[in-house]
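K.L.:
curious how this folds, go ahead:
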Amino acid sequence: MSDNMTLYNAVRTPPPEALKAITGGRLKGMTDINPMWRIKTMTEQFGPCGDGWWYTIDNLWTEAGAGGEIAAFARISLYYRINGEVVQPVPGVGGSMLVSKEKSGLYTDDEAYKKAITDALSVACKALGVAADVYWQSDRDKYNTRQEQPQTASKAAVDKLSQLWRKKGYTDDQLPGWSSKNMGNTPDKLTEDQVNRLIKAVEGWPDAT
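P.N.:
Residues are numbered from 1 along each chain as shown. Next up, the predicted model:
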């Protein structure tokens, strides 16, 4: 059984320089993995692309989304050699936005298919264990992001709000969302965004009379 994990264990941990935190958008809080690290890792294990490992682009297509948006998709087959023998292909499907809605209107990305292919390759490589530690540790990816609960407000944000509230002359029990007994602790029902909105609102309020 340990032999079955040899490849997985060899490619599972990317170096810190190959990782980048995603700080905005729907994928905020996730980790982006440098695609060139995947190529380097596959080359280290199997040899140059086109000889020790390679992939075929089996299909490219688009799907219409809401509000005029269009998504581009790619399906690939990943091949590699073990002991001189070519393995069965590992499939991978990836996608990227071709036409997306922005504040200024619809935007067309002329690199959408390239990004979709890169995404598809990452999916196929993940089946081999490439960067597995990132996926395992976070236990989340773009496929379940929409089901996640909003981030609970941090203690720092709550403390800032409570200090501002007292400075304005209001009592703890008047603070929306929680009472004085848990003042200074993370509230159960308020998110970071809600607390920050309260801070901005309270800054414009008059002092208590």
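
K.L.:
list the buried residues of stretch 93-108.
P.N.:
94-100 (16 or more other C-beta atoms under 10 Å). All C-beta atoms are positioned from the backbone trio N, CA, C, and that covers glycine.

K.L.:
list the contacts of that stretch.
P.N.:
Residues outside stretch 93-108 that contact it (C-beta atoms under 8 Å, 6 or more residues apart in numbering): 62, 67-76, 109, 112-113, 115-123.

K.L.:
tell me which of these fall in strands.
P.N.:
The strands, defined by DSSP state E, take in 62, 70-76 from these.

K.L.:
that older thread, turn the buried residues of stretch 93-108 into JSON lines, columns for secondary structure.
P.N.:
As requested, the buried residues of stretch 93-108 are exported to JSON lines (DSSP: H, G, I helix; E, B strand; the rest coil):
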{"residue": "94", "secondary structure": "strand"}
{"residue": "95", "secondary structure": "strand"}
{"residue": "96", "secondary structure": "strand"}
{"residue": "97", "secondary structure": "strand"}
{"residue": "98", "secondary structure": "strand"}
{"residue": "99", "secondary structure": "strand"}
{"residue": "100", "secondary structure": "strand"}
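
K.L.:
could you identify the most distant pair in the residues you listed?
P.N.:
94 and 99 (17.1 Å; C-beta to C-beta).

K.L.:
now stretch 53-70 - C-alpha only, CSV.
P.N.:
The C-alpha trace of stretch 53-70 is given here as CSV (Å, rounded to 0.1, in the frame of the first residue of the first chain):
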residue,chain,number,x,y,z
TRP,A,53,3.9,13.4,-19.6
TRP,A,54,1.5,15.3,-21.9
TYR,A,55,-2.1,16.1,-22.3
THR,A,56,-4.6,16.4,-25.2
ILE,A,57,-7.3,19.0,-25.5
ASP,A,58,-10.4,17.0,-26.1
ASN,A,59,-13.1,19.6,-26.2
LEU,A,60,-13.6,23.4,-25.9
TRP,A,61,-17.1,24.9,-25.5
THR,A,62,-19.1,27.7,-24.0
GLU,A,63,-22.2,27.9,-21.8
ALA,A,64,-24.5,30.9,-21.4
GLY,A,65,-24.8,32.3,-17.9
ALA,A,66,-27.1,34.8,-16.3
GLY,A,67,-27.2,38.5,-17.4
GLY,A,68,-25.3,37.9,-20.7
GLU,A,69,-22.3,36.2,-19.1
ILE,A,70,-20.7,33.4,-21.0
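
K.L.:
how far is it from where the chain is centred?
P.N.:
20 Å (C-alpha atoms, centre = their mean, to the nearest Å).

K.L.:
pull out the buried residues from it.
P.N.:
Buried residues in stretch 53-70 (16+ other C-beta under 10 Å): 53-55, 70.

K.L.:
out of the residues you listed, who's nearest residue 167?
P.N.:
residue 70 (50.6 Å).

K.L.:
quick one, helices of this protein?
P.N.:
Counting by DSSP state H, one finds helices in the chain at the ranges 6-11, 35-46, 112-127, 132-138, 155-167, 192-203.

K.L.:
how about low-confidence regions in the protein?
P.N.:
Across the chain, the ranges flagged by pLDDT under 70 are 1-2, 22-30, 137-151, 170-190, 208-209.

K.L.:
domain-wise, how is it divided?
P.N.:
Listed by automatic domain parsing, the domain ranges of the chain are 3-145, 155-203.
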